[in-house]
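>>> let me see the structure of the following:
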Amino acid sequence: MSNYEKMMERTKWFREDRFGMFIHWGLYTIPARGEWIRCSEKMSKEKYEEYFNEFYPTQYDPKKWARLAKTAGMKYAVMTAKHHDGFCLFDSKYTEYKSTNTKAKRDLIREYVEAFRAEGIKVGIYYSLIDWHHDDYPHYGDMYHPMRDNEAFKDVKHDFKNYLKYMHNQIEELVTNYGKIDLMWFDFSYGDMVGEKWEATKIVELVRKHQPGILIDNRMGSAGNNMMAGGIRDEEPCIYAGDFASPEKIIPIEPIKNKAGKQIPWEACVTMNDNWGYFSKDKNFKSPETLIKTLVNCVSKDGNLLLNVGPNSKGEIPEESVDILESIGKWMRYNSDSIYGCGSSCYEKPQWGRYTQKGNKLYAHILEEPIGPVYFEGMKESIEKARFLKDGSELKVETPWNAEEYKDYGFITLPSHVFKTNYPVVVELTIK
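Residues are numbered from 1 along each chain as shown. Below is the predicted model of the structure:
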């Protein structure tokens, strides 16, 4: 079996589930100015250490988070075990810089995986390849390190091999100490810090040794801002090319394919507001309607949506995020058949919305109220039956009096009340 075939076999569940929850959480929630605060403010290790001493998430209840994800229709989740700041939310024996040494005295990752598994949600773990806390990670001259311009670090020597050993040991802890892990999400490569700089082949072999069916993202082998490229697009991808592409805050204009024109699994990771980690002043939340349309957009192009939440320092998901996820869940309750197990359609994108398809079931996502009936170009003889997905009611396919010249079009008239909200209206078509 080729590497491509193995990738497609491993990602079968991933391409069925389509919708996941991303969770960014850590010390950066205390200053509440985003997860890149050490980098953006060039903050010293000593200053950032204050947040380690303060971290005490008394309201952390991953069972509540898991129930919320399930309510929203999310089938899998990915949580930060270590972000770029190096703080570990798990009980690693290779560092003292971990949640079990804070006032919390809790292995936050263990509680997460147990709570989400209990709700039937697959679990993924995010692990940063970058580490601004470790003494042997490059400081001065690095593109992103908080001390990149600090002359005091100009002549400091770093044993990067020692850092790699530390990183590999922690990765092994994550894939051996927490039961079955469905997905590892590594982040990120840049400049010459890519591929074998991380000893990526060894990482993949290590991870698959303990978790043979696990999925791995493409960011060990894809450097820079283009997370849709890298070795994953090769006809025969290398071992660390990843199982799926990971575009960030952007939806591809069409399905992602490799150089041979074959489908590549992909997942767009998207924030609800403008930041991944909790940012108290960031109230620029996207509407539930926008995010549902984004989910539909992804699935219509054979992709997934990984939607982020940024809990605060107490361990609570912001009310705005809760409200958004509950609203998405109400739509998913009736329309999830048009998402789970679906992908792109053999029919061209219509002007009024998007298609998703699963076998002979074609789902028409109507994104705006039409003037008159909804038309289906070239499908008059192809539609066997039609129904309104929300309630299952039958819909007639007919040619109205004023559309005689459109001989090969199918037309369906929907009652105006179904367009009272801006949520996609879904019609299920059974195709002959």
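>>> quick one: contacts for Ala32?
By Cβ atoms under 8 Å, 6 or more residues apart in numbering, the contact set of Ala32 is 278-281, 312-313. C-betas here are computed from N, CA, C, even on glycine.
>>> for it, give me phi and psi.
phi 60, psi 40 (degrees, to the nearest 10).
>>> Lys45 versus that one, what's the distance?
Between Ala32 and Lys45 the computed distance is 20 Å (Cβ to Cβ, to the nearest Å).
>>> now do Tyr423
47 Å.
>>> of those two, which one has the most company?
Tyr423 (22 against 16; other Cβ atoms under 10 Å).
>>> OK, contacts around the more buried one?
288-289, 292, 331.
>>> what pLDDT does it get?
Per-residue pLDDT puts Tyr423 at 97.
>>> Ala229 too?
Here the pLDDT value assigned to Ala229 is 66.
>>> need the contact list for the nearest residue to Glu369 once chain neighbours are set aside.
Leaving aside its chain neighbours, Glu369 sits nearest to Phe419 (3.8 Å; criterion: Cβ to Cβ, 6 or more residues apart in numbering). Taking Cβ under 8 Å, 6+ apart, we find Phe419 in contact with 368-369, 425.
>>> same list (these) but as CSV, adding distance to Met147, secondary structure and neighbour count.
Formatted as CSV, the contacts of Phe419 follow (distance: Cβ to Cβ, whole Å; DSSP: H, G, I helix; E, B strand; the rest coil; neighbours: other Cβ atoms under 10 Å):
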residue, distance to Met147, secondary structure, neighbour count
Glu368, 51, coil, 12
Glu369, 55, coil, 14
Val425, 53, strand, 23
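>>> from the residues you listed, pick the one nearest Gly392.
Relative to Gly392, the closest of these is Val425; by Cβ to Cβ it sits at 14.0 Å.
>>> distance check, the closest one against Pro373.
To Pro373, Val425 is 13 Å away according to Cβ to Cβ.
>>> now swap in Pro138 and tell me
Distance, Pro138 to Pro373, using Cβ to Cβ: 62 Å.
>>> before we move on, back to that, can you tell me which of the contacts of Phe419 is nearest Trp65?
Distance to Trp65 across these (Cβ to Cβ) is lowest for Val425, with 30.4 Å.
>>> can you pull the contacts of the closest one?
365-366, 388, 390, 414, 418-419.
>>> please enumerate the strands of the stretch 301-432 of the chain.
Counting by DSSP state E, counting those that start in this stretch, the stretch 301-432 of the chain has strands at residues 303-309, 353-358, 361-366, 374-376, 383-388, 394-395, 410-412, 425-431.
>>> low-confidence regions, the stretch 101-250 of the chain specifically.
Along the stretch 101-250 of the chain, the model assigns pLDDT under 70 to residues 224-229.
>>> which parts of it are strands?
Using DSSP E, counting those that start in this stretch, strands in the stretch 101-250 of the chain cover 122-128, 183-187, 215-216.
>>> nearest to Ser345, out of these?
Per Cβ to Cβ, nearest to Ser345 of the strands of the stretch 101-250 of the chain: strand 215-216, 25.0 Å.
>>> what's near enough to touch the spatially most central residue of the chain?
Centroid check for the chain by Cα atoms, centre = their mean gives Leu306 as the closest residue, at 2.3 Å. Shown in contact with Leu306 (Cβ under 8 Å, 6+ apart): 20-22, 78, 267-270.
>>> rerun at 6 Å
Going by Cβ atoms under 6 Å, 6 or more residues apart in numbering, Leu306 touches 20, 22, 267, 269.
>>> got the CA coordinates for stretch 145-157 in PDB?
Extracted in PDB, the C-alpha atoms of stretch 145-157 (Å, rounded to 0.1, in the frame of the first residue of the first chain):
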ATOM      1  CA  HIS A 145      11.700  34.000  20.100                       C
ATOM      2  CA  PRO A 146      10.900  36.800  22.600                       C
ATOM      3  CA  MET A 147      14.600  37.300  23.100                       C
ATOM      4  CA  ARG A 148      15.400  37.400  19.300                       C
ATOM      5  CA  ASP A 149      16.700  41.000  19.400                       C
ATOM      6  CA  ASN A 150      18.100  40.900  22.900                       C
ATOM      7  CA  GLU A 151      21.900  41.500  22.700                       C
ATOM      8  CA  ALA A 152      22.400  39.700  26.100                       C
ATOM      9  CA  PHE A 153      21.600  36.400  24.300                       C
ATOM     10  CA  LYS A 154      23.800  37.000  21.300                       C
ATOM     11  CA  ASP A 155      26.700  34.800  22.300                       C
ATOM     12  CA  VAL A 156      24.700  32.300  24.400                       C
ATOM     13  CA  LYS A 157      25.200  28.800  23.200                       C
END
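>>> residues contacting that stretch, please?
Counting by Cβ under 6 Å, 6+ apart, 38-39, 42-43, 132, 139-140, 142 sit against stretch 145-157.
>>> identify the residues contacting Ser189.
Ser189 is in contact with 219, 223, counting by Cβ under 6 Å, 6+ apart.
>>> outline the domain layout of the chain.
Domain assignment of the chain by the TED database yields the ranges 3-336, 353-431.
>>> which of those has the highest mean neighbour count?
domain 3-336 (a mean of 19; mean count of other Cβ atoms under 10 Å).
>>> endpoints of that domain, how far apart?
Start and end residues of domain 3-336 are separated by 31 Å (Cα to Cα, to the nearest Å).
>>> do stretch 412-431 as well
In stretch 412-431, first residue to last residue: 15 Å (Cα to Cα).
>>> check stretch 129-136 too.
By Cα to Cα, the extent of stretch 129-136 from end to end equals 13 Å.
>>> so for stretch 31-51, first residue to last residue, what's the gap.
End-to-end distance of stretch 31-51 (Cα to Cα): 8 Å.
>>> returning to what we had before: pLDDT score assigned to the residue nearest to Glu369?
According to the model, Phe419 scores 93 on pLDDT.
>>> all further residue positions should be reported with the first residue as 286.
All right, first residue 286 from here; so that's Phe704.
>>> can you map out the helices along this protein?
288-295, 297-302, 322-325, 330-339, 347-357, 393-403, 445-461, 485-495, 573-584, 604-620 (DSSP state H).
>>> kind regards, and thank you for your time.
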